[in-house]
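Okay, predicted coordinates and the sequence, questions at the end:
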Amino acid sequence: MLRTPENLIESTCADLASVRAQMPLVQCIINRVVAGHTANVLLALGASAAMVDIPGEAGMFADMASGLLVNLGTPTAEQREAMFEAVDGASKSGTPWVLDPVAVGSLPVRTPLASRLRALAPAIVRGNASEIVALADAGPGGRGVDSSLVVEAAVPSARSLAESIGAVVAVSGPEDLVVDRRGSARIRNGHPSLTQITGGGCALGAVMAAFAAIDDNPFAATVAATTVYTVAAELAAQRASGPGTFLAAHLDALATVTADDIRERAAIRV
Amino acid sequence: MLRTPENLIESTCADLASVRAQMPLVQCIINRVVAGHTANVLLALGASAAMVDIPGEAGMFADMASGLLVNLGTPTAEQREAMFEAVDGASKSGTPWVLDPVAVGSLPVRTPLASRLRALAPAIVRGNASEIVALADAGPGGRGVDSSLVVEAAVPSARSLAESIGAVVAVSGPEDLVVDRRGSARIRNGHPSLTQITGGGCALGAVMAAFAAIDDNPFAATVAATTVYTVAAELAAQRASGPGTFLAAHLDALATVTADDIRERAAIRV
Amino acid sequence: MLRTPENLIESTCADLASVRAQMPLVQCIINRVVAGHTANVLLALGASAAMVDIPGEAGMFADMASGLLVNLGTPTAEQREAMFEAVDGASKSGTPWVLDPVAVGSLPVRTPLASRLRALAPAIVRGNASEIVALADAGPGGRGVDSSLVVEAAVPSARSLAESIGAVVAVSGPEDLVVDRRGSARIRNGHPSLTQITGGGCALGAVMAAFAAIDDNPFAATVAATTVYTVAAELAAQRASGPGTFLAAHLDALATVTADDIRERAAIRV
């Protein structure tokens, strides 16, 4: 596929239809803060969610799942063990997986954990600018889950990370960035309300896993996931009067967003 | 009680009033994905919720609680230990308990765990068709938390499970099935939105524990819990424009559903 | 500051503006039932939230955070270890921290845990009447998370606890009580819907940590947190038709409540 905005918009629409038709099962090893919301986001989109994250089951389940998310938000000892089982299972069965290195940088458990995981061939790495810079070993990381860097400051790190591990790297921000070895795309959709709810970024990682499950092209899948998710946020913001009603409206919009909405609103540049 | 639809509807109305009057305290050992939503469902109904699920406390608390839910969604090692403590405490004090064997079948930790728990005299077992078939040792289980079987395919398994362990067995689906040694009932209420949110089934298990706490007849309690929950879902769907607003509207409806709503809408057959 | 109602209302308005301007980062070690909701409450207010609660990271993070909440709702072994690390980190760096002794009284893990923590100089202790009485060693505790005592019955315990550990002690109820060695204040705001959702009290503990982060006077900060949170609940109740829509409306109201709303509604007496 030639990576023009037009082609990426059409593949986004096709991917959205495929997710709804195929209902990919996404295994999530994810922090407890946003586990429920993330499952609701996947279900609203038409995908299925299963949070199988205990040792002894996570690896076998990754073989049954169509996609896998590994999110480092609250990595208990059992979850850390389950992550490696699941990634091993996903690798053996060809299940694409997404790494979300939440709050890596200076924290001494998750930072080396993320380094080990990044070497295990994730299809996609998603984070905010601070997390991507930290994962690429180019900086000290941010303050917890909020990015203290702007997206543009992470471009060199995103490129070098994509180059070194061969993954698609996505950086969330007011304009989202998607990079791989061949090039990049930027998506200027979304709404500030996504930063006023917890899990706005974490759930996007799960959506990327759902799209990677039905599209063999992880770059196009990452662009599609980001575009659908952020266009739905725009539609939701029109019906919301604050972060609480936005949360509900975003789930509604994920369930109802159409290809026409995507074509009308998607602001993709390459 | 003669199990006519009319009698079951009246006992449902009486049970709903009793839950609201007595505010039974329901202990939930439940997966982290839906813990918050489950507590909100219990509170909306007028019951109380406490997620006491650590070893050393779970057993003593089961003695104080009026009902207990054991849900296998994300069974960490500590939760597994707490489950046996709690069931032991519930048995000694006569607290009725509900077993929800989430995703049992092929997964190697929870499947033997569910087998051990089913032998410990739950008052009610609740699952989707795949889970009930798997727990009855009659089939291979489904794919995660979604049922790949229709309810009717689980009828023989539900009957044999009810017979062998002496429990009420409830199978969730478009028409819910409730079976015990004496017979069965079917409830055709609810709304597809319940499958578009996470925990739609898990929370129903907690509601069954609340109703079993105030009704000595576990069959009638299971029918009542199912009917109240699914009639409230119908009321919620009238106010919702997608899964996000449905979530909120379902909690509202659980708090406001009346005996008249039940009488008008309940579609029970025996 | 002379503790008149007028002065407390003005410091509440000033604190609300400071939270929104400074966006204090609040570390929460909190039960999994309400973790997501608590993060959403902090974000709606304009603060930041991070649930860093694993051993090896919790202490270091407490040094980076502006406030810390230690909530005993579902204290797993890892969380218990992380609590002491975090409190140690907070003490060394002067980060104010809030202790929420959920359901202490007779439960044998959390009750001695709370006793050890109360000796480690929390800035604020928040609970319902039963929990505060139990923590002050003056009574047997309540039934789980619901208080079986009225606020007035806890006044002597709150005073003696405040005296003995030098903390601000807050007792939640229809009229909230805030006590320290110098005196007390009562806030009669809020709405019964706060008791129909899970985490209504737990999230208030996190809000207290956010306000303590930006106000060196922990008594004024506790009054301010309570007033903002309960006034927002009143505004939310005007837009809600049950507990589900109240949940969303409360988040909306926390994001939009103004100083004028506070001045118009705050019912503080000293």
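That came through fine. Because the structure is predicted, anything quoted here is derived from the model rather than measured. Numbering: from 1, shown residues only, chains lettered A, B, ... in the order given.

Now do the contacts for A:Ala47.
A:Ala47 sits next to A:Val19, A:Met23, A:Pro24, A:Leu25, A:Val26, A:Val207, A:Ala210, A:Ala213 when contact means CB atoms under 8 Å, 6 or more residues apart in numbering or on different chains. For the C-beta atoms, the positions are set from N, CA and C on the backbone; glycine is no exception.

can you narrow these to ones near chain B?
For chain B, the contacts drawn from these by CB under 8 Å from any CB of the partner chain are A:Leu25.

Return the subset of the contacts of A:Ala47 lying in helices.
Under the assignment DSSP state H, the contacts of A:Ala47 contribute A:Val19, A:Val207, A:Ala210, A:Ala213 to helices.

how about the strands of the stretch 1-150 of chain A, start to end?
A:25-29, A:48-50, A:67-71, A:97-100, A:124-128 (DSSP state E, counting those that start in this stretch).

Using CSV, write down the CA coordinates of the first one.
This file holds the C-alpha atoms of strand A:25-29, laid out as CSV (Å, rounded to 0.1, in the frame of the first residue of the first chain):
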residue,chain,number,x,y,z
LEU,A,25,-10.3,-11.8,21.1
VAL,A,26,-7.7,-9.6,22.7
GLN,A,27,-5.9,-10.8,25.8
CYS,A,28,-5.0,-7.9,28.1
ILE,A,29,-2.3,-8.1,30.8
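
quick one: strands adjacent to it?
strand A:48-50 (parallel), strand A:67-71 (parallel) (DSSP bridges).

Please identify the buried residues of stretch A:77-84?
The neighbour-count check on stretch A:77-84 (16 or more other CB atoms under 10 Å in any protein chain shown) flags A:Ala77, A:Glu78, A:Gln79, A:Arg80, A:Ala82, A:Met83, A:Phe84 as buried.

Show me which of those is closest to C:Ala103.
A:Glu78 (24.1 Å; CB to CB).

got the buried residues for stretch A:5-20?
Neighbour-count burial for stretch A:5-20, counted by 16+ other CB under 10 Å, picks out A:Pro5, A:Leu8, A:Ile9, A:Glu10, A:Ser11, A:Thr12, A:Cys13, A:Asp15, A:Leu16, A:Ser18, A:Val19.

Check stretch A:227-239 too.
For stretch A:227-239, the neighbour count (16+ other CB under 10 Å) marks A:Thr227, A:Val228, A:Tyr229, A:Thr230, A:Val231, A:Ala232, A:Ala233, A:Glu234, A:Leu235, A:Ala236, A:Ala237, A:Arg239 as buried.

Using TSV, lay out the ones in helices among the contacts of A:Ala47 together with pLDDT and distance to chain C.
Below are the ones in helices among the contacts of A:Ala47 laid out as TSV (pLDDT from 0 to 100; distance: CB to the nearest CB, whole Å):
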residue	pLDDT	distance to chain C
A:Val19	98	24
A:Val207	98	17
A:Ala210	98	20
A:Ala213	98	25
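
ChimeraX command for the buried members of the residues you listed?
To isolate the buried members of the ones in helices among the contacts of A:Ala47 in ChimeraX, using 16+ other CB under 10 Å:
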select /A:19,207,210,213
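
separation between the residue nearest to A:Arg116 when sequence neighbours are not counted and A:Arg32?
What sits nearest to A:Arg116 in space, not counting adjacent residues and going by CB to CB, 6 or more residues apart in numbering or on different chains, is A:Phe84, at 7.9 Å. For A:Phe84, the distance to A:Arg32 equals 19 Å [CB to CB, to the nearest Å].

before we move on, what about A:Ala86?
With distances taken as CB to CB, A:Ala86 is found 17 Å from A:Arg32.

same deal with A:Phe211?
Noted for A:Phe211: a distance of 24 Å to A:Arg32, by CB to CB.

more neighbours, the two?
Taking neighbours as other CB atoms under 10 Å in any protein chain shown, A:Phe211 and A:Arg32 compare with A:Phe211 leading, 34 against 27.

Measure how buried A:Ala267 is and give me the count.
16.

And A:Asn217, by the same measure?
A:Asn217: 16 neighbours (other CB under 10 Å).

Can you name the residues that contact it?
A:Met1, A:Ser11.

for A:Arg118, same thing?
So, once contact is read as CB under 8 Å, 6+ apart, A:Arg118 ends up touching A:Leu99, A:Pro101, A:Val125, A:Leu135, A:Leu161, A:Ile165, A:Ala167.

likewise A:Ala136?
Contact analysis of A:Ala136 by CB under 8 Å, 6+ apart lists A:Ser157, A:Ala158, A:Ser160, A:Leu161, A:Ser164.

so what's the last one up against?
Neighbouring residues of A:Ser164 by CB under 8 Å, 6+ apart: A:Ala136.
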